[in-house]
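> The sequence isn't on hand, but the structure is:
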């Protein structure tokens, strides 16, 4: 791998390294020259539970320059106070939880170590290059700075936030998005519509929604559940979605064409100067979708 590689983060322990997110970080760290130890109940260098550290795991924790928790929220929150006493002074403790309120509070209570809370805003299978990585620096230091350098070296785009802003933004970027797509799917189920028949006539917007639904439906339920349940702004986001559908229905059912046009105008104004950029992105997506359909048909 090009770049400077690891400097001080030479020995790294990745809990949950057999999973998609943990496996991505384990591979990237190893590719940058780190010695990586994977801990996972499903198998790894240590087939164990990070919330029940045995002698072998405790020994590794004491030697690690970086400990990364790529685990579900309840596991990560349970693990932090259990592993913290075994970390060497100055070590870097990192998590990849989707919600930051509780985990950042937990990390703030750990003394003598550096801490960074990450949220890769993409599925690991897509790869990191060009993708945003939401980043909350909890306890800064040279190891934390090296991690941010590595993220950029791997092609990622670290976006520095605090915990409150992270959760507020992800309530819209993740909670609202996933709820919208899942709601679309549940509506299709309610309508009893055949997906195969829809695919035959689907215009690009509908085909795009079907693709999003297929991706989420194929994912790990626990990941999407944690996002919907743990975010402190999730209830508000889902409530706004439900209310907006009711508002739209009221406009249509009431025959308020002028109100409908005004609502569309407000949505256009919502984008400000970014309207053209996002509209062009949609056109590119639709072009790629049409090209893919043409290839499959040949």
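Arrived safely, thanks for sending. On a predicted model such as this, the values are computed, not experimentally measured, just so you know.

> gap between residue 289 and residue 194?
According to Cβ to Cβ, to the nearest Å, residue 289 and residue 194 sit 20 Å apart. No exception for glycine: its C-beta is placed from N, CA and C like everyone else's.

> When the two are compared, which one has more neighbours?
Neighbour tally, residue 289 and residue 194, criterion other Cβ atoms under 10 Å: the higher count belongs to residue 289, 16 against 10.

> wait, doesn't that one sit right on residue 204?
Yes - between residue 289 and residue 204 there is a contact under Cβ atoms under 8 Å: 5.6 Å.

> Most distant residue from the centre of the chain?
Computed with Cα atoms, centre = their mean, the maximum C-alpha offset from the centroid of the chain is found at residue 255, amounting to 40.4 Å.

> Can you tell me the SS state at that one?
coil (DSSP: H, G, I helix; E, B strand; the rest coil).

> go on, the one 5 residues further on?
Here residue 260 is helix, with the state taken from three-state DSSP.

> so how far is stretch 186-194 from its chain's centroid?
Relative to its chain's centre, stretch 186-194 lies at 28 Å (Cα atoms, centre = their mean, to the nearest Å).

> Now do that stretch: everything it contacts.
195, 198, 213 (Cβ atoms under 8 Å, 6 or more residues apart in numbering).

> likewise stretch 76-92?
The contact list for stretch 76-92 (Cβ under 8 Å, 6+ apart) reads 9, 15, 50-53, 58, 61-67, 69, 71, 93, 95, 97, 102-103, 106-107, 109-110, 112-116, 141, 143-144, 147.

> quick one: contacts for the most centrally placed residue in the chain?
The centroid of the chain falls nearest to residue 121 when counting by Cα atoms, centre = their mean (3.9 Å). Residue 121 is in contact with 131, 132, 133, 134, 173, 174, counting by Cβ under 8 Å, 6+ apart.

> Mark which of these are buried, thanks.
131, 133, 134, 174 (16 or more other Cβ atoms under 10 Å).

> For the second one, list each beta-bridge partner.
With DSSP bridges as the criterion, the beta-bridge partners of residue 133 are residue 120, residue 158.

> Would you mind confirming that it makes contact with residue 160?
No - using Cβ under 8 Å as the test, residue 133 is too far from residue 160 to be in contact (10.0 Å).

> neighbours of the nearest residue to residue 162 once chain neighbours are set aside, just the number please.
Using Cβ to Cβ, 6 or more residues apart in numbering and skipping the chain neighbours, the partner closest in space to residue 162 is residue 136 (6.3 Å). Per other Cβ under 10 Å, the neighbour tally for residue 136 reads 23.

> where does residue 136 land in three-state SS?
Under three-state DSSP, residue 136 falls in the strand class.

> what's the distance between it and residue 73?
15 Å.

> Residue 287 now?
Applying Cβ to Cβ to residue 287 and residue 73 gives a distance of 38 Å.

> quick one, which of these two is more surrounded?
More neighbours surround residue 73 than the other of residue 287 and residue 73, with 20 against 11 (other Cβ under 10 Å).

> so what's the backbone phi/psi at the more buried one?
phi -60, psi -50 (degrees, to the nearest 10).

> these two touch, right, it and residue 95?
No - using Cβ under 8 Å, residue 73 is not in contact with residue 95; the gap is 9.0 Å.

> any shared contact partners between those two?
Contact criterion Cβ under 8 Å, 6+ apart; residues shared by residue 73 and residue 95: residue 103.
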